[in-house]
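[1] model this:
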Amino acid sequence: ELPIASVLTLDLLEGFVLTFVEAIFFVYWFGRIGKNHTFLSFLHYNVMLSIAASIPTIAILLITQNFEPTSWIAIIGGFIAISYIIYMFSVNLALATGSSKKYAFGAILIVILMQIIFYTFIFSALVS
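    Below is the predicted model of the structure:
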């Protein structure tokens, strides 16, 4: 096992890398439909919305930690947190860029896929 300082450092580095990659992706994705925003505006957007998404997620996790991880309350709480984050990101991204909600939702799904791939490779590299 890695010491806690190493795990926290790795998490911070992963967060920075993914934030920059997501901002670059948003510039490309919305530039395709003529919604030209700067890299810096998407970077600010991504950081602020990540903080906003963390607050209710932490609250839900604090509530569900008193239950067994396999209980229905914990599973439903996790599903609610994930659904809320995806919805909040999609709606706010559509409003911020002036695009349709479907197009913003597609961008969020692609970002989630990028994160899953990234964390899968990082995890497999650490385990190996």
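
[2] show me what the least confident helix or strand in the chain by mean pLDDT is packed against.
    Using mean pLDDT, DSSP states H and E, the weakest-scoring helix or strand in the chain turns out to be helix 39-64, at a mean of 84. The helices and strands touching helix 39-64, judged by 3 or more Cβ pairs under 8 Å, 6 or more residues apart in numbering; DSSP states H and E, are helix 4-31, helix 72-97. All C-beta spots, glycine's among them, are computed from the backbone N, C-alpha and C.

[3] that helix: which residues count as buried?
    Under the neighbour-count criterion of 16 or more other Cβ atoms under 10 Å, helix 39-64 has 42, 43, 45, 46, 49, 53, 57, 60, 64 buried.

[4] stretch 101-110 too?
    For stretch 101-110, burial by neighbour count (16+ other Cβ under 10 Å) applies to 103, 104, 105, 107, 108.

[5] the residues you listed into a markdown table, with extra columns for pLDDT, distance to residue 84 and secondary structure?
    Below are the buried residues of stretch 101-110 laid out as a markdown table (pLDDT from 0 to 100; distance: Cβ to Cβ, whole Å; DSSP: H, G, I helix; E, B strand; the rest coil):
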| residue | pLDDT | distance to residue 84 | secondary structure |
| --- | --- | --- | --- |
| 103 | 95 | 20 | helix |
| 104 | 94 | 16 | helix |
| 105 | 95 | 14 | helix |
| 107 | 94 | 18 | helix |
| 108 | 93 | 12 | helix |
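
[6] residue 19 and residue 99: what is the separation?
    Per Cβ to Cβ, to the nearest Å, residue 19 is found 20 Å from residue 99.

[7] likewise residue 125?
    Distance of residue 125 to residue 99, given as Cβ to Cβ: 35 Å.
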